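Trainee: Fold the following.
(chains A and B)
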Amino acid sequence: MAEFLFYALSIAAVLFGIGVISAKQPLMCVLSLLGSFVCLGVIYLLAQFQFMAAAQILVYAGAIMVLFLFVVMLLDLGNVEELKENSMRILGKKRITVAVVVAGGLALTSLLGTRDSMASAGPEPVVVRPDAYDPVAEIATLLFTRYLLAFEAAGLLLVASMVAVMVLAKRQREPLSDQR
Amino acid sequence: MTVTLVTLLKILVIYGGLINVAALMTLAERKVSAWMQFRIGPNRVGPWGVLQPLADGVKFIFKEEFTPEGANKFLFRIAPMLSAVPAMLTVAVLPLAGDIAIPKLGTFDLPFFGPTELGGITTNLSITDLDISVLFVLAVSGLSIYGIILGGWASNSKYSLLGALRASAQMISYELTLMLSLLSIVVMTGSLDLREIATSQATIGQWHIWTQPLAFILFVVATFAETNRHPFDFAECEPELVGGFHTEYSSMKFALFFMGEYCAMAVMSGLTVTFFLGGFGVPFWPDAPWFVELPAFLAKTAFFLFLFIWVRWTLPRFRFDQLMGLSWKWLLNLALFNLFLTGLASALGWF
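Mentor: Down below sits the predicted model:
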């Protein structure tokens, strides 16, 4: 039952994630992200990380996403197609191709690297849960040994997307500076 | 097998009860307001008008469902659900009574399962026991804001949008006070489990209303704002905003918003009782059986539900800037101060 729930929720989380980057309306992107967060929260709950699940829902779904929703609702983002064309013009086809190649390479390396490190580390360690079992410490250990490459790649992607958002937002403000 | 059956039964009974409480609250609201204004109130459908909610429900189902032009159909449809579901979810962790011992009932030959032994377990009257039920309640009730924002936005109407914006600004502000006032209770009991918090107030002298009077007042004020009730009902605010975020809603969708609001009131009253009035504990009878504890809990909750109605028909409405000023300039600081004092007392080992 728990396994079935895990797979169903994971698939739902990934589908919501695809929704975030493919939805036409900005509002639907925000809601997809919310759905993804809720799915992740329930997965934490299934893994017995009750506190993390509560923090996930409380902080991300309850507070941060409300802020996002406000920003999206109050800024007039009516014409998304225009924005899209604008960003395409700023970036240019060449740069987008480079970005896609780099991101794809990054994803592939992290995938292969994780597989290699998993192969060299042998089978999944059997977790013995003593009385003073600390799930957070265990996650941290796994993140910095077994899944190091994937973890670092995700961090790099986050930084890259942040820079990209800044570049796009900065460039778009220029035509607004002369009074319409 | 028994555990599954008992859990199913608890879910049915508790959710059925909650929905009935919400329905009866609509009647109580009209009856009490009528008494306060020297009127009679609904008295035609059934004795004392008790079947009025049923008649209203039938009316809601048969009314025309109207979707305004230019509305976002999908969001317009799911907003009432998003508002009602979180309010109902939180009741799952409310401890309604202590342990119930179910005697051995013998072996039954069930279809599909074969001979099964039933009974012989001890359970308690809440759907699930989480170690962090306080956080669960806060997290899930924080989600109910989405129904209001999305409902107001998707309606494509200025009144709805303004109502939704006001409601969400208000709920975010008062959520802080709500959580901070609860934190002092958590510091005192050292537990995030509602059942443990309830059982830690065994005698009437240990009720947190005596040890944390400031937190009690702050919490009750914040619940009024969280549930969008008078004198803080700026989400609706008839003279200014027609009906606020649900201006454009009709039929059963409108009823769902209402049910969500009343369920949230019931749950918030239950939480107030659990945190400050000893939960299901019966005064002067420490080891009461569950069938005495449950009515005790319900009676205490009923008082707070009555308080909601009482205040609504007594006090005038605030102005919106006064409401935000009250939250940020007074309540939040008082809650922080109270938490500081509680932390200090805890560090000095006074309790």
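
Trainee: roughly how far is the helix or strand of chain B with the lowest mean pLDDT from the heart of the chain?
Mentor: Lowest on mean pLDDT, DSSP states H and E among the helices and strands of chain B sits helix B:238-241, with a mean of 71. Its chain's average C-alpha position is 25 Å from that of helix B:238-241, according to C-alpha atoms, centre = their mean, to the nearest Å.

Trainee: Which strands or helices does the top helix by length along chain B pack on?
Mentor: Assignment by DSSP state H gives helix B:2-36 as the longest helix of chain B. Applying 3 or more C-beta pairs under 8 Å, 6 or more residues apart in numbering or on different chains; DSSP states H and E, one finds that helix B:2-36 makes contact with helix B:52-62, helix B:73-89, strand B:114-118, strand B:121-124, helix B:251-276, helix B:290-312. For glycine as for every other residue, the C-beta is placed from the backbone atoms N, C-alpha and C.

Trainee: which one of those lies closest to chain A?
Mentor: For chain A, the closest of the helices and strands packed on helix B:2-36 is helix B:73-89, at 7.5 Å, according to C-beta to the nearest C-beta.

Trainee: now the closest one against helix B:2-36, angle please.
Mentor: 100 degrees (axes from the mean of the first three to the mean of the last three C-alpha atoms, to 10 degrees).

Trainee: Count residues in the vicinity of the closest residue to B:Ser33 other than its chain neighbours, would you?
Mentor: Leaving out its chain neighbours, the residue that sits closest to B:Ser33 by C-beta to C-beta, 6 or more residues apart in numbering or on different chains is B:Trp313, at 4.8 Å. Neighbour count for B:Trp313, taken as other C-beta atoms under 10 Å in any protein chain shown: 14.

Trainee: show me what contacts B:Trp313?
Mentor: Contact partners of B:Trp313, counting by C-beta atoms under 8 Å, 6 or more residues apart in numbering or on different chains, are B:Val32, B:Ser33, B:Met36, B:Gln37, B:His230.

Trainee: quick one: contacts for the residue nearest in space to the middle of chain B?
Mentor: In chain B, the centroid-proximal residue (C-alpha atoms, centre = their mean) is B:Val267; its distance is 2.3 Å. For B:Val267, the contact set (C-beta under 8 Å, 6+ apart) comprises B:Leu18, B:Ala87, B:Thr90, B:Val91, B:Leu94, B:Val137, B:Ser141.

Trainee: what does B:Tyr146 give?
Mentor: Per C-beta under 8 Å, 6+ apart, neighbours of B:Tyr146: A:Leu34, A:Val66, A:Leu69, B:Ala79, B:Leu82, B:Ser83.

Trainee: any chance of these in a markdown table, plus pLDDT, neighbour count and distance to A:Tyr147?
Mentor: Shown next, in a markdown table, are these (pLDDT from 0 to 100; neighbours: other C-beta atoms under 10 Å in any protein chain shown; distance: C-beta to C-beta, whole Å):
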| residue | pLDDT | neighbour count | distance to A:Tyr147 |
| --- | --- | --- | --- |
| A:Leu34 | 89 | 21 | 26 |
| A:Val66 | 83 | 21 | 31 |
| A:Leu69 | 82 | 22 | 32 |
| B:Ala79 | 88 | 28 | 39 |
| B:Leu82 | 87 | 21 | 35 |
| B:Ser83 | 87 | 29 | 39 |
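
Trainee: I'd like those as CSV, with distance to B:Leu5 appended.
Mentor: Below are the contacts of B:Tyr146 laid out as CSV (distance: C-beta to C-beta, whole Å):
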residue, distance to B:Leu5
A:Leu34, 35
A:Val66, 39
A:Leu69, 41
B:Ala79, 35
B:Leu82, 31
B:Ser83, 32
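
Trainee: Could you give the number of residues near residue 22?
Mentor: You didn't say which chain, so I picked chain A. 10.

Trainee: that's the wrong chain, I wanted chain B
Mentor: 22.

Trainee: same deal with B:His208?
Mentor: 22.

Trainee: surely it meets B:Phe216?
Mentor: Yes. Counting by C-beta atoms under 8 Å, B:His208 touches B:Phe216, with 7.0 Å between them.

Trainee: Spit out the residues that contact these two alike.
Mentor: By C-beta under 8 Å, 6+ apart, the residues touching both B:His208 and B:Phe216 are B:Phe276.

Trainee: ok, back up a step: so what secondary structure elements neighbour the least confident helix or strand of chain B?
Mentor: Packed next to helix B:238-241, using 3+ C-beta pairs under 8 Å, 6+ apart, are helix B:158-189.

Trainee: which is the next helix or strand following the helix it packs on?
Mentor: Once helix B:158-189 ends, the next helix or strand along the chain (criterion: DSSP states H and E) is helix B:194-199.

Trainee: Does anything pack onto that following helix? Which helices or strands?
Mentor: helix B:133-143, helix B:158-189, helix B:251-276.

Trainee: nearest to B:Thr342, of those?
Mentor: Closest of the helices and strands packed on helix B:194-199 to B:Thr342 is helix B:158-189, at 4.0 Å (criterion: C-beta to C-beta).

Trainee: okay, the angle between that closest one and helix B:251-276?
Mentor: 20 degrees.

Trainee: Would you mark the buried spots in helix B:158-189?
Mentor: B:159-189 (16 or more other C-beta atoms under 10 Å in any protein chain shown).

Trainee: The residues you listed: which ones sit near chain A?
Mentor: B:Ser168, B:Ile172, B:Glu175 (C-beta under 8 Å from any C-beta of the partner chain).

Trainee: Done for today, thanks.
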